[in-house]
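*Asks:* this one's sequence-less:
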């Protein structure tokens, strides 16, 4: 069964600290993996997208890694800010259809405290 | 910031009422989607469209219907709202591999 599992479910860190969010998937075949940030009451916004051949991709203080062999990805946030408080969603796309079906994780709820 | 809009943002309505959730995008994207999201849960695809006059049902069984008469407009309709329809509804459009989401409509059916 194609699934996307994220951990931890929730995380609280102090402003300025780093953190790493995990994503494990069983989706096959694999096309790409995306990380989205979803602020409370808003729609998700894309942070990074990685294909099979990419191991790492950065977007400012966000760095995503991908190990396609172990089917694991991580999102590292450096020097956290209060505005980083949000849900971070891992999404995996397969190649099984022209639509490129998406499998969503439940997200990690990050809270950054001052 | 993507140019995709949803109205209303919040809606409280009684059981049995007919409602239409609006979604519009000004980016000229052919592909559009409707997702349902409950708190702390993953997004579930309920409808999608490849372009004008194209509509397909998604993974999650839904009593809603959609239409795509114009590229920029993808409304979702519930003929008879029920409390089980209470949820957040997110509209999205895409170009290549990137999806752009609207702000969502939070629906509460009493």
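*Replies:* Good, I have the coordinates. The shown structure was predicted, so the numbers you read here are calculated from the model rather than taken from an experiment. Residues are numbered from 1 along each chain as shown, chains lettered A, B, ... in the order given.

*Asks:* give me the nearest residue to the residue in chain A positioned nearest to chain B, chain neighbours excluded.
*Replies:* Across chain A, the shortest distance to chain B (C-beta to the nearest C-beta) belongs to residue A:43, at 3.0 Å. From N, CA and C alone the C-beta is placed, and that goes for glycine too. The shortest distance from residue A:43 to any non-neighbouring residue, by C-beta to C-beta, 6 or more residues apart in numbering or on different chains, is to residue B:101 (3.0 Å).

*Asks:* ok, now which ones touch the one you found?
*Replies:* A:43-45, B:2, B:4, B:90-92 (C-beta atoms under 8 Å, 6 or more residues apart in numbering or on different chains).

*Asks:* pLDDT weak spots in chain B?
*Replies:* B:1-2 (pLDDT under 70).

*Asks:* what about the helices in it?
*Replies:* Per DSSP state H, chain B carries no helices over any range.

*Asks:* show me which residues of it sit near chain A.
*Replies:* B:2, B:4, B:31, B:40-45, B:48, B:50, B:90-92, B:97-104, B:106 (C-beta under 8 Å from any C-beta of the partner chain).

*Asks:* quick check on those residues: which are buried?
*Replies:* The neighbour-count test (16 or more other C-beta atoms under 10 Å in any protein chain shown) marks B:2, B:4, B:31, B:42-45, B:48, B:90-92, B:99-104, B:106 as buried among the residues of chain B next to chain A.

*Asks:* distance from the lengthiest strand in chain B to the middle of the chain?
*Replies:* Counting residues, the longest strand found in chain B (DSSP state E) is strand B:87-95. Its chain's C-alpha centre and that of strand B:87-95 lie 6 Å apart, by C-alpha atoms, centre = their mean, to the nearest Å.

*Asks:* re the thing from before, ok, the residue of chain A closest to chain B - how many residues close by?
*Replies:* Around residue A:43 there are 23 other residues, counting by other C-beta atoms under 10 Å in any protein chain shown.

*Asks:* try residue A:30
*Replies:* Neighbours of residue A:30 (other C-beta under 10 Å): 18.

*Asks:* how many neighbours does the nearest residue to it once chain neighbours are set aside have?
*Replies:* Using C-beta to C-beta, 6+ apart and skipping residues adjacent in sequence, the residue nearest residue A:30 is residue A:52, 6.0 Å away. A total of 12 residues lie near residue A:52 under the criterion other C-beta under 10 Å.

*Asks:* with residue B:65 instead?
*Replies:* 14.

*Asks:* any idea how far the residue lying closest to it once chain neighbours are set aside is from residue A:49?
*Replies:* Ranked by C-beta to C-beta, 6+ apart and with sequence neighbours excluded, the top spatial neighbour of residue B:65 is residue B:77, at 5.2 Å. Distance check for residue B:77 against residue A:49: by C-beta to C-beta, to the nearest Å, it reads 32 Å.

*Asks:* okay, those two: which has more neighbours?
*Replies:* Of the pair residue B:77 and residue A:49, residue A:49 is the one with more neighbours under other C-beta under 10 Å, namely 20 against 13.
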